[in-house]
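Engineer: 3D, please:
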Amino acid sequence: MSLATDSFRTPQAVGSKTFTAPPLNGSLALHQLYDFHASHSPDHPLYVFATPQGDVKTMTWADVQRGIHRASIFASKFMPGVQGNHKAPPTVAILANTDMITFQCFLLGLIRSGIQPFPISIRNSAVGVANMFVQTTAAHLFVSADEAMQGVSKGALKEIDTELSKNGANKEKRQVKILAMPTFEDLFPEDDSNASFELLPPTERPDLDSPALILHSSASYSHLAEGFGERDLHGEIMAVHALPLFRRCLWVFPHVLGSQPPIGLTPDRQLASAIATGATLMFGIPHFLDAWSTEPKSVEFLQGLNGVVFGGAPLSKSVGDFLQSKNVPLWHIYGGTEMGVITTCMPKRSIQYGWEYIFFSPHINPAFVAQHQEPESGKSEDIYELVIKPCATHTPSVTNMTHDGQAAYATSDLLIPHPHVEGLYKIHGRTDDQIMLSSGEKVRFPAAFRHPSAKLGLYHVDKTNPGPMEHIITRSPLVTNALMFGRGRFQNGVIIEPATPFDPTEDGGRRLAEFRNDIWPYIEQANAFAPTHSRIFKEMIIITKPSKPFEYTPKGNPRRHVSVALYNEEIDQVYAAVEAQADSGPSPPANWNLEDSLEYVRTLVARVLKNSVRDEDDLFEFGCDSLQATWIRNSIIHAFRQTSTPTDGVGSSFVFEYPSVALLGQEITRIAQSRDKSTVRLNRRGAYDDLTSLVIYELEYCVYVFLFRPHCAHSETDAQDVVQIRLRDCDVLTDRQPTVNLWHFDLIRGNRAFECSNAENAQAK
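Structural biologist: Residues are numbered from 1 along each chain as shown. Below is the predicted model:
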């Protein structure tokens, strides 16, 4: 970090008795910083975590240093023939579903030993892992002990052999050895202490231009240290459970440890851990913020934090406005793989202008390229694409254009300036076709390319994300073109223009169903090569109508944003249909006994998982993600409603709470056989003093949405239907015995306008 940043860098840990700031002149490499802190700030806390037993434990810099050194020893023990070399480091791949502390310490231990780690996302299929693996010289693969990762690694090795055979390569020269990933206990034994462990000798400073790490996902380690804010964060505890490993740095981190593989993260679990560890700051992905906004107790906790940081995906305006109205301190940050965090990441100034707006950090050199677009709202707005140019204090890791005669990086992000405050912007959208889901995930395609700045290669994901998947789909002779959609939603879908146009509504939708089945093999090919969060479900396929064909550019390419916008209504309808799960799941059993319930769940799970699972297997270890968990849950709710079975207890985290076929079958049977609907929901939630407080909160949310989202007031959907859906989602209204009666009220007529929603009991008040 350049000394030129001194003028705007906020001093940290001012007055701290346990922390000494390291030199920021680039004299220390990343792994050397940990040795520095262990020597100069040994008792300063780095991690705090809750155990399954309810204890809260803290790890200091000295504790973590010993774990990193043990990781170096562990790697050397299992790779005796591999000699580390910081100038030309050998490459070692990692495919492990383990806790963040273990993973991070192992990466640093490898780097410290002069080995170049290649961490591979556990969300990739065997085909995807093999495709990336053959791009490197790695001969060793560390794999966690869980059955799912073992299966993927073995499948990847078979794919690698197949690929090498196709290319005529000598397989004997490319033998890949699978090794056991260390566990938390391996790096941090119970008897851990300074006296019982001898640290490794100091390492020489490596050439900072030599490769340190091979990447394939959204990670830019060259920018890890760059993040400029307006607050001293000393003493803050930041809950970063929802962040991927590579985006976590600088703060004391709360986590939950103790299970192997790690338990799946849910909004409830992150909140519970944050409360247990005394978090003062929270990073929440937009999907989690959406879930927390519906729970009064969750909102109350968020109100007491010093900041709730979000970014990486669009946050619903209604959710952001609602949380802001409740005085939740929302901090919007913005950055990217190619340039790091480039806004004021812990802001003060922008807060007063609303949660949507951001100031850019003074350490970057932004430029703004005007866009010529028709305004969607009918009013003129200035829209600019953000371009990042190098300067004395910041250089993007990738350049893709020339701006004013200087190499620069065009972000493809569109911004709108504040109408009155100079330098203040809000995000408008994207110029390219990258799809950002509300979970924070981007729809990716695991095709790697060699980065020119690294001698052995820095690998990174191709960011023309939907393009390759669309290309696979358009290989079908039945398809002319395909455009994926899903920005700001929780899963993506695709609009397909058939080679022979037809009306998808004709014949009662039978021809549509046949067409989906006919092209499904190509969809499966795209899904097989994509990470799990990018998969397309059959229900998310929309067929163009002859009356609304795609619009094309002079070059013959579909105009993405314009063509997708033509089908906004159909897109809303398909998301609503998936939400309701109309006829999309398997037929429910005649009786919800345990045997039939298990068979139903087996069929349901088989529809969404690529891997076959046993009844006792953890679904999330075998590739199930939050999108598929939502599909399973919605299918169960739909099946319950088809059989007039109470849906009480099937909450948003239902599959996370019961993550196997056996557990789901047992819980479904228990719920179906329980008919005492008056107590199930309230007893299970345990979060409300009485039903009235919950109803008031939900109605308040609905009123706020109607007041501040004008399009809702003009919607064809009746207001009572909206409120009923909202109350049904939180199980205040049930299928067979509504707990709450809804009344119509005309604001213009005042108190005389109450009208009972039940026509039989209508009575003027």
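Engineer: which helices and strands sit right next to the longest strand along the chain?
Structural biologist: Ranked by residue count, the top strand of the chain under DSSP state E comes out as strand 406-417. On a contact count with 3 or more Cβ pairs under 8 Å, 6 or more residues apart in numbering; DSSP states H and E, strand 406-417 meets strand 365-370, strand 384-389, strand 401-403, strand 424-430. Yep, even glycine has a C-beta here, placed from its N, CA and C like the rest.
Engineer: could those be laid out in TSV, adding distance to residue 41?
Structural biologist: Conversion of the helices and strands packed on strand 406-417 to TSV gives the following (distance: least, Cβ to Cβ, whole Å):
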stretch	distance to residue 41
strand 365-370	33
strand 384-389	33
strand 401-403	42
strand 424-430	36
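Engineer: Let me know which of these is the nearest to residue 328.
Structural biologist: Closest approach to residue 328 among the helices and strands packed on strand 406-417 (Cβ to Cβ): strand 424-430, 18.0 Å.
Engineer: Next, the angle strand 384-389 makes with that closest one.
Structural biologist: Counting by axes from the mean of the first three to the mean of the last three Cα atoms, to 10 degrees, strand 424-430 lies at 100 degrees to strand 384-389.
Engineer: Make sure residue 384 is actually in contact with residue 417.
Structural biologist: Yes. With contact defined as Cβ atoms under 8 Å, residue 384 counts as touching residue 417 (7.4 Å).
Engineer: what comes into contact with stretch 600-616?
Structural biologist: Here stretch 600-616 makes contact (Cβ atoms under 8 Å, 6 or more residues apart in numbering) with 125, 148, 151, 527-528, 532, 537, 585-586, 588-589, 598, 619, 622-624, 628, 631-632, 635-636, 639, 660-662, 664-665, 668.
Engineer: again, only using 6 Å
Structural biologist: Contacts with stretch 600-616, where a contact means Cβ atoms under 6 Å, 6 or more residues apart in numbering, come from 586, 589, 622-623, 628, 631-632, 635, 660-662, 664-665.
Engineer: Name the residues of it that come out as buried.
Structural biologist: 600-602, 604-605, 608-609, 611, 613 (16 or more other Cβ atoms under 10 Å).
Engineer: Same check on stretch 284-292?
Structural biologist: Neighbour-count burial for stretch 284-292 [16+ other Cβ under 10 Å]: 284-292.
Engineer: Burial check on residue 30, number of neighbours?
Structural biologist: 18 (other Cβ atoms under 10 Å).
Engineer: With residue 421 instead?
Structural biologist: Neighbour tally, residue 421, other Cβ under 10 Å: 14.
Engineer: ok so, going back, which stretch among the helices and strands packed on strand 406-417 comes nearest residue 339?
Structural biologist: Using Cβ to Cβ and comparing the helices and strands packed on strand 406-417, the one that lies nearest residue 339 is strand 384-389, at 4.9 Å.
Engineer: and that closest one, what does it pack onto?
Structural biologist: strand 365-370, strand 406-417 (3 or more Cβ pairs under 6 Å, 6 or more residues apart in numbering; DSSP states H and E).
Engineer: can you dump the C-alpha coordinates of the first one into PDB?
Structural biologist: Extracted as PDB, the C-alpha positions of strand 365-370 are listed here (Å, rounded to 0.1, in the frame of the first residue of the first chain):
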ATOM      1  CA  ASN A 365      -9.200   7.100 -10.200                       C
ATOM      2  CA  PRO A 366     -12.700   6.600 -11.600                       C
ATOM      3  CA  ALA A 367     -14.000   7.800 -15.000                       C
ATOM      4  CA  PHE A 368     -17.600   7.800 -16.200                       C
ATOM      5  CA  VAL A 369     -18.600   7.000 -19.700                       C
ATOM      6  CA  ALA A 370     -22.100   8.400 -20.700                       C
END
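Engineer: Give me the residues contacting it.
Structural biologist: Counting by Cβ under 6 Å, 6+ apart, 360, 384-385, 387, 389, 391, 403 sit against strand 365-370.
Engineer: buried set for it?
Structural biologist: 365-366.
Engineer: Return the angle between stretch directions for that strand and strand 384-389.
Structural biologist: Using the same axes, to 10 degrees: strand 365-370 against strand 384-389 is 150 degrees.
Engineer: Strand 365-370 pairs with which strands, and in what direction?
Structural biologist: strand 384-389 (antiparallel) (DSSP bridges).
Engineer: List the buried residues of the longest strand of the chain.
Structural biologist: Those would be 408-417, for strand 406-417 by 16+ other Cβ under 10 Å.
Engineer: and if you look at stretch 324-344?
Structural biologist: So for stretch 324-344, counting by 16+ other Cβ under 10 Å, buried means 326, 328-344.
Engineer: avg pLDDT for it?
Structural biologist: Confidence over stretch 324-344 (mean pLDDT, whole number) is 88.
Engineer: can you give me the helices in the stretch 1-150 of the chain?
Structural biologist: With DSSP state H, counting those that start in this stretch as the criterion, the stretch 1-150 of the chain has helices at 30-40, 61-78, 100-112, 126-133, 147-166.
Engineer: Return the most buried member of those helices.
Structural biologist: Comparing the helices of the stretch 1-150 of the chain by mean neighbour count (mean count of other Cβ atoms under 10 Å), helix 100-112 ranks first with a mean of 24.
Engineer: Where does pLDDT dip in the stretch 501-650 of the chain?
Structural biologist: When residues are selected by pLDDT under 70, those of the stretch 501-650 of the chain lie in 529-533, 554-556, 578-584, 626-627, 648.
Engineer: circling back: kindly indicate which of the buried residues of stretch 284-292 lies nearest residue 553.
Structural biologist: residue 286 (31.7 Å).
Engineer: The closest residue in space to the closest one that isn't next to it in sequence: neighbouring residues, count only.
Structural biologist: Closest residue to residue 286 apart from its sequence neighbours, by Cβ to Cβ, 6 or more residues apart in numbering: residue 315 at 4.2 Å. Neighbours of residue 315 under the rule other Cβ under 10 Å: 25.
Engineer: Name the helix or strand for residue 315, please.
Structural biologist: Using DSSP states H and E, residue 315 maps to neither a helix nor a strand.
Engineer: how near is it to residue 333?
Structural biologist: For residue 315, the distance to residue 333 (Cβ to Cβ, to the nearest Å) stands at 12 Å.
Engineer: same deal with residue 63?
Structural biologist: Applying Cβ to Cβ, the value for residue 63 to residue 333 is 29 Å.
Engineer: State the distance from residue 185 to residue 92.
Structural biologist: 21 Å.
Engineer: So which of these two has more stuff around it?
Structural biologist: residue 92 (25 against 11).
Engineer: hmm, back to that, tell me which of the helices and strands packed on strand 384-389 sits nearest to residue 34.
Structural biologist: Of these, nearest to residue 34 by Cβ to Cβ is strand 406-417, at 30.1 Å.
Engineer: List the strands paired with the closest one, with their directions.
Structural biologist: strand 384-389 (antiparallel), strand 401-403 (antiparallel), strand 424-430 (antiparallel).
Engineer: Quick check: which of these is buried the most?
Structural biologist: Counting by mean count of other Cβ under 10 Å, the most buried of these turns out to be strand 384-389, with a mean of 21.
Engineer: can you list contacts of that one?
Structural biologist: 339, 365, 367-371, 396, 403, 406, 408-411, 413-415, 431.
Engineer: Return the set of buried residues in the helix or strand hosting residue 516.
Structural biologist: According to DSSP H and E, residue 516 maps onto helix 510-528. Across helix 510-528, burial judged by 16+ other Cβ under 10 Å covers 512, 515-516, 519, 522-523, 525-527.
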